[in-house]
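Q: Attaching a predicted model along with its sequence, questions to come.
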Amino acid sequence: MREIEDLHIIGGSMEPVISKNETVFLEKGCLNVVPGDIISYQTGCKTKIVAHRLIRKQKIGTRLYFLQCPENGHSAGVVPAHRYLGKVWLDEKKKNLPNYQWRPITKAENDMANAALAKYLFRKVARRVYHRLKDRIPFLP
């Protein structure tokens, strides 16, 4: 059974595909997403929900990551699977727009996603190493 929820968009990072103050539909937990689809996820503060275009899904070991890029050319980002909420669907009136739900991912966006994933994984490993060593090395804060 699909669980659908309404989302009210307050930001403009997905314009012109999704406008400010528009209502979209969130299909919770949908893993059937392809590059170009719009996904929704929670940020680190757990109260803010964000919607951006999916560049690709990446499985590393047993963990799943979603690589996303805002429509207006901001930097790419990594969304761990535990923050992923689902797939965003636009209103029926927008169904016939040429940019509806999908467009090809550019090489530049793919390169940005690779760099963002490498940076994210490096920080994650560095954090683990820091926590292992902080008790052994007295001068680490």
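A: Cool, got the structure. Please read all numbers here as calculations on a predicted model, not as lab measurements.
Q: Show me the shaky parts of the chain.
A: 1, 46, 70-74, 91-104, 137-141 (pLDDT under 70).
Q: What segments of it are helices?
A: For the chain, applying DSSP state H gives helices covering 107-133.
Q: How about the contacts made by the residue sitting nearest the centre point of the chain?
A: Note on the chain: the residue nearest the mean C-alpha position is Gln68, at 4.2 Å, using Cα atoms, centre = their mean. Going by Cβ atoms under 8 Å, 6 or more residues apart in numbering, Gln68 touches Ile39, Tyr41, His52, Arg53, Leu54, Ile55, Ala76, Gly77, Val78, Val79, Ala113. Yep, even glycine has a C-beta here, placed from its N, CA and C like the rest.
Q: Sheet-wise, list the partners of the longest strand along the chain with their directions.
A: Looking across the chain with DSSP state E, the single longest strand is strand 49-60. Strand pairing for strand 49-60, determined by DSSP bridges: strand 38-42 (antiparallel), strand 63-69 (antiparallel).
Q: What residues sit buried inside that strand?
A: Ile49, Val50, Ala51, His52, Arg53, Leu54, Ile55, Arg56, Lys57 (16 or more other Cβ atoms under 10 Å).
Q: how about those, which pair is most distant?
A: Farthest-apart pair in the buried residues of strand 49-60 is Ile49 and Arg56; separation 21.1 Å (Cβ to Cβ).
Q: Please tell me how far Tyr84 sits from Arg53.
A: Distance of Tyr84 to Arg53, given as Cβ to Cβ, to the nearest Å: 14 Å.
Q: so what sits against both of the two?
A: In contact with both Tyr84 and Arg53: Ile39, using Cβ under 8 Å, 6+ apart.
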